[in-house]
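Student: Okay, predicted coordinates and the sequence, questions at the end:
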Amino acid sequence: MQQNQIPRPAFNRAFTNAIPSPAEPRSPTAPAHQPSHLQTATMHVKRVTLTSKKNWWMVEMDEEEDQNNSIPFSSSEETAVDPIYNYKHGVDEHHHHHDLQRSFSPPPSPIYNPPRHPTSIFSFPTPTAYSAPPNPTASLSPCARGSASELFKCVVKKPDVVQLEINGEMHSNAPDVTVQFLAELRVYTTLARHRNICAFLGSLENVGMVLEYLEGRTLYDVVIARPLLSERQKIDYHNQLLDGLTHLHSYRLSHGDLSLLNIQVMTPTDTIKLLDFGRSVSADSLYTSPEDEPVDPFDSLHRKSSTPSAKLPMPRIEQIHPGTRPFSAPEILRGECQDARLADAYSFGMILVCLDRGECVDVKPWEQRKDMLPKDLFDGCVVFDERARSYLKKCTEGRRRLLKEDMIELGL
């Protein structure tokens, strides 16, 4: 199998879920002991100290950086900080015993493992609900053939866990990573095959999910390329996006993070592929803000695997997170979203503006939260001007929904 990395949006999400330190009792839902096949490799924790001046971060420096930068970092005299320690995380204490003997050297960071690692989702036997569809490669073309087998390119997507010790308190993105992988698995294993949605091929034990290999560019790369797209190409992309999104919405699921970077345009067929459903939520769920108490991501997985024939109790509570700027709907930014599929329509409208203008637009986040749009946002929109405006209305003032009947007929 071949790994492939798809470009991701260059924005940061804060770790909002603090994980208790090893000295604290585990949560009631965490198992007392993990089987050996669920245990993960030992990970050393990055130690971070926050200063009280201007919110500057003091982070340990690598040995090379410490030698090359003898002058401590400072933004001004007012915010100057003292030289920081050179912690050697993950280094054998025996080989660096003389460094640890220095009176000013702090003890090494503790080794910390989250109670349950996201890869435990992919531990076998895999729950039936998260297994691959029958004949998953039916719509794919092999890259090579042999006398007894066919070879396919694919993408292996695995959880990426980051662990930080901030001011002595342990933080990890493991719960959020788990939520995203479960959301994506729900989409891939619920939907019927569709030409505009990335194909799900199965799971690898203790690794992650296996997806279709997409040869092409992101829609962002296509939009900013020159010469500009023709009117026919713009309408074709509009129709394909609308077809894929309405197929997703017909299963009462949202995308949740629709942007130019989460849409792939395959070459040479110009086929649109939707991907990255980690922020998808169900239309039947109750939505809470990311600032609220996190919901145990393993709860539904445990019930689904232990009682596969039983239906999950409804409504389910899910946290709805902001997506990529400026495509995220204002009601999500305010923490007031009540209809995630209507929020997808806002993202779709913003994509149409970019597609029509041939460039990536931006909106100031503090204005977008108030449902305010730049006066020149629709300048240069010729094909989708009226339609984009209807998708970018306030959710309470008749925003247009995504309907398959709204496809635009292509002329000869």
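Tutor: Nice, thanks for sending it over.
Student: Helices of this structure, residue ranges please.
Tutor: 63-68, 97-100, 174-190, 219-224, 231-249, 298-306, 330-333, 340-357, 365-368, 385-391 (DSSP state H).
Student: Out of those helices, which one sits most buried?
Tutor: helix 340-357 (a mean of 24; mean count of other CB atoms under 10 Å). Using the backbone N, CA and C atoms, a C-beta is placed for each residue, glycine as well.
Student: that older thread, format the helices of the chain as TSV; extra columns: mean pLDDT and distance to His321.
Tutor: Below are these laid out as TSV (pLDDT from 0 to 100; distance: least, CB to CB, whole Å):
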stretch	mean pLDDT	distance to His321
helix 63-68	46	33
helix 97-100	49	41
helix 174-190	90	8
helix 219-224	96	21
helix 231-249	97	17
helix 298-306	55	18
helix 330-333	94	8
helix 340-357	97	11
helix 365-368	92	15
helix 385-391	97	21
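Student: Out of the ones you listed, which gets nearest to Asp257?
Tutor: Closest of the helices of the chain to Asp257 is helix 340-357, at 8.1 Å (criterion: CB to CB).
Student: could you give the angle of the closest one to helix 231-249?
Tutor: If you take axes from the mean of the first three to the mean of the last three CA atoms, to 10 degrees, helix 340-357 sits at 170 degrees to helix 231-249.
Student: What helices and strands are in contact with helix 340-357?
Tutor: Packing contacts for helix 340-357, counted by 3 or more CB pairs under 8 Å, 6 or more residues apart in numbering; DSSP states H and E, involve helix 219-224, helix 231-249, helix 330-333, helix 385-391.
Student: Please repeat the previous calculation with a cut-off of 7 Å.
Tutor: Packing partners of helix 340-357 (3 or more CB pairs under 7 Å, 6 or more residues apart in numbering; DSSP states H and E): helix 231-249, helix 385-391.
Student: With distance to Arg116 added, can I get these in JSON lines?
Tutor: Shown next, in JSON lines, are the helices and strands packed on helix 340-357 (distance: least, CB to CB, whole Å):
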{"stretch": "helix 231-249", "distance to Arg116": "29"}
{"stretch": "helix 385-391", "distance to Arg116": "40"}
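Student: of the ones you listed, which approaches Ile197 most closely?
Tutor: helix 231-249 (5.4 Å).
Student: Run through who's touching that closest one.
Tutor: By CB atoms under 7 Å, 6 or more residues apart in numbering, the surrounding residues in contact with helix 231-249 are 191, 194, 196-197, 255, 270, 272, 274, 341, 344, 348, 352, 355-356, 383-384, 402-404, 406-408, 410.
Student: For ChimeraX, write a command that selects the buried ones of those residues.
Tutor: What follows is the ChimeraX syntax for the buried subset of these, where burial is set by 16 or more other CB atoms under 10 Å:
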select :191,194,196,197,255,272,274,341,344,348,352,355,356,383,384,402
